[in-house]
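*Asks:* let me see the structure of the following:
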Amino acid sequence: MLLCMRTTVDLPDTLIKRIKFHTANKKVTFRSLVITALEKELSAEKKSFRLRDASVGNAGESIISDQTINQHLNAGRDFDFQA
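*Replies:* Numbering: from 1, shown residues only. A predicted model of the protein is given here:
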């Protein structure tokens with residue numbers, strides 16, 4: 001069963017003008033623009049952060065590895081959140 005929700009959002013006039021210009025140029029509806037933007041934003045939250053290895057000096061002397069840091073950063077994230 002497909003559920004839909006209607007909602008009201010107050011938007012600034014300047015943003016509405018930009019939206020109208022964008023939707024006219026791209027030939028898309030406001031509805032499809034909102035759905036695409038929300039899906040993009042929500043899927044971006046699931047991406048894992050990767051800290052690049054920027055260590056200097058002799059290899060093997062580091063106390064904390066980049067993998068350990070990444071594990072700690074990702075530990076607090078809820079990747080399985082389902083709305």
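*Asks:* wouldn't T29 be in contact with H22 here?
*Replies:* No. At 11.3 Å, T29 does not count as touching H22 under the criterion of CB atoms under 8 Å. (Glycine included, C-beta is placed from N, CA and C.)
*Asks:* shared neighbours of these two, anything?
*Replies:* Counting by CB atoms under 8 Å, 6 or more residues apart in numbering, no residue touches both T29 and H22.
*Asks:* next one: I19 from K27, what distance?
*Replies:* 14 Å (CB to CB, to the nearest Å).
*Asks:* who has more neighbours out of those two?
*Replies:* I19 (14 against 6; other CB atoms under 10 Å).
*Asks:* any stretches of this protein with poor pLDDT?
*Replies:* 1, 45-49, 55-62, 78-83 (pLDDT under 70).
*Asks:* 90 instead?
*Replies:* Across the chain, residues meeting the criterion (pLDDT under 90) sit at 1-7, 39-83.
*Asks:* how about the helices of it, start to end?
*Replies:* Per DSSP state H, the chain carries helices over the ranges 13-26, 30-44, 66-75.
*Asks:* next, format these as CSV and append distance to C4.
*Replies:* Putting those into CSV (distance: least, CB to CB, whole Å) gives the following:
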stretch, distance to C4
helix 13-26, 20
helix 30-44, 10
helix 66-75, 34
